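S.K.: following is a predicted model, sequence given first.
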Amino acid sequence: MGDYSKALEFYEKSHKILEKSLPPNHPELAGSYNNIGLVYNNMGDYSKALEFYKKALKIREKALPSNHPDLAASYNNVGSVYHDMGDYSKALEYYEKAHKIYEKALPPNHPDLAASYNSIGAVYNNMGDYSKALEFYEKAHKIKEKSLPPNHPDLALSYNNIGSAYYHMGDYSKALEYSKNNLKIKKQVLPAKHPALAFPYNWFGKIYRSMKDYPKALENFEKCLSIWKKALPENHPHIAIAYSNIGDVHRLMSDYEKALSFHGKALNIQENVQCNPLDCALTYINLGETYREIKDYSTALTYFQKGLEIRGKKLPKDHPDLAIVYHNLAKLYLSTRKYSIAMKNVQQAIEIAQEKLPSTHPRLLKYKETFEKIRKKM
């Protein structure tokens, strides 16, 4: 944490000097705003990061030609903050502006073009359009394979992204394979306590959880948390995500007390620090599932509704993550014998999943199973 505040202090001092000696639209001032934005971004203060990135962009739009790479970098930075804040349509808009410049200004195998494909793929991934995400990730990967050495960190990112798309499409063995390639490279190129080492463990946790290997899931989520705790400020949004994931595995192992404790730790950060509202929604939904399983249905309903409200505002209407909440609600209404509302919710879940997920996806099969249970009760 000290490193970030030192960096901020340094950049702000140098910015004051530049402001005195340069005209207000000088490109060097944009670079300085950019550096300050980057530090805020790394600290997880997204609104401040956005403010400084936009100041940099404003100058660059006035001072640079329309196909200048620095202008593309600025569009990209603004896009990435919107992405982190969960505003995916805004993120896509800025990423596409950057991509247009890269296509005109760069050779077809340039790493920046690959990075741009990656960013667009990541937005589609978060919008729940996994096959489109995979298409962009693979375009990026092809460029990287041609232009980079085999243990380059950017290739690790590529493996991570392709693994993530396969995970969401329910192909867990492929997801595991790509995530292992990701970790292999990261271990070669990063120091042992680097925060980026946590991400592969987070993925392993998610994959093993989906494969119902809960002890392995827990072990990986705990590794992830331990790395982030050493490397990041204690109220960083990433740490909250790790707490929520650990809480969810405890729920799946029927240790409800521990589950509630970890979700509480997650919420404590998420409700007091500006983070992606969708991360907060996930914690609410995890809490809802925990309360549903301990048969506290009214509390469960409150949390599901909080989670659904955020996802409903932030995600496209046919996003698979909305189907998850509809299915959770269906199970809740089934338990409370409100069969017609249960049926309505499970049908919504199935409709989305049939449109967005492969027909063999484990979640779709689960939804159909719940549908049958409700149908038999009606």
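M.R.: Okay, I see it.
S.K.: could you chop this structure up by domain?
M.R.: Following automatic domain parsing, the chain resolves into domains at 1-105, 110-189.
S.K.: nearest approach to residue 270 belongs to which of those domains?
M.R.: Closest to residue 270 of these, according to Cβ to Cβ: domain 1-105, at 11.2 Å. For the C-beta atoms, the positions are set from N, CA and C on the backbone; glycine is no exception.
S.K.: beyond the biggest helix by length in the chain, next helix or strand please.
M.R.: Looking across the chain with DSSP state H, the single longest helix is helix 2-21. Per DSSP states H and E, the first helix or strand lying C-terminal to helix 2-21 is helix 27-42.
S.K.: so what does that next one touch, helix or strand wise?
M.R.: helix 2-21, helix 46-63, helix 69-84 (3 or more Cβ pairs under 8 Å, 6 or more residues apart in numbering; DSSP states H and E).
S.K.: shaky segments in this protein?
M.R.: 1-2 (pLDDT under 70).
S.K.: list of residues touching the longest helix of the chain?
M.R.: 26, 28, 29, 32, 33, 35, 36, 39, 40, 42, 43, 233 (Cβ atoms under 8 Å, 6 or more residues apart in numbering).
S.K.: out of those residues, which are buried?
M.R.: 29, 32, 33, 35, 36, 39, 40, 42, 43, 233 (16 or more other Cβ atoms under 10 Å).
S.K.: of the domains of the chain, flag the one that's most buried.
M.R.: domain 110-189 (a mean of 20; mean count of other Cβ atoms under 10 Å).
S.K.: from what I can see residue 28 touches residue 56, true?
M.R.: No. Assessed by Cβ atoms under 8 Å, residue 28 is found out of contact with residue 56, at 10.7 Å.
S.K.: show me the contacts for residue 72.
M.R.: Residue 72 touches 97, 98, 99, 101, 102, 105, 112, 116, counting by Cβ under 8 Å, 6+ apart.
S.K.: any idea which helix or strand carries the residue lying closest to it once chain neighbours are set aside?
M.R.: Nearest non-adjacent residue to residue 72, counting by Cβ to Cβ, 6 or more residues apart in numbering: residue 101, 3.8 Å away. In the assignment (DSSP H and E), residue 101 maps to helix 88-105.
S.K.: which outside residues touch that helix?
M.R.: Contacts for helix 88-105 (Cβ under 8 Å, 6+ apart): 66-69, 71-73, 75-76, 78-80, 82-83, 110, 112-113, 116-117, 119-120, 123, 126-127, 314-315.
S.K.: and that helix with helix 69-84, angle?
M.R.: Angle of helix 88-105 versus helix 69-84, following axes from the mean of the first three to the mean of the last three Cα atoms, to 10 degrees, is 160 degrees.
S.K.: next structured bit after helix 88-105?
M.R.: That would be, after helix 88-105 and using DSSP H and E, helix 111-126.
S.K.: give me the angle between that next one and helix 69-84.
M.R.: 20 degrees.
S.K.: helix 111-126: how far from the chain's middle?
M.R.: 13 Å (Cα atoms, centre = their mean, to the nearest Å).
S.K.: now for the host helix or strand of residue 258, which elements pack on it?
M.R.: Here residue 258 sits within helix 256-270, counting by DSSP H and E. If contacts are counted by 3+ Cβ pairs under 8 Å, 6+ apart, helix 256-270 sits against helix 237-252, helix 277-293.
S.K.: so which bits of it are buried?
M.R.: Here helix 256-270 shows 256, 258, 259, 260, 262, 263, 265, 266, 267, 269, 270 as buried, counting by 16+ other Cβ under 10 Å.
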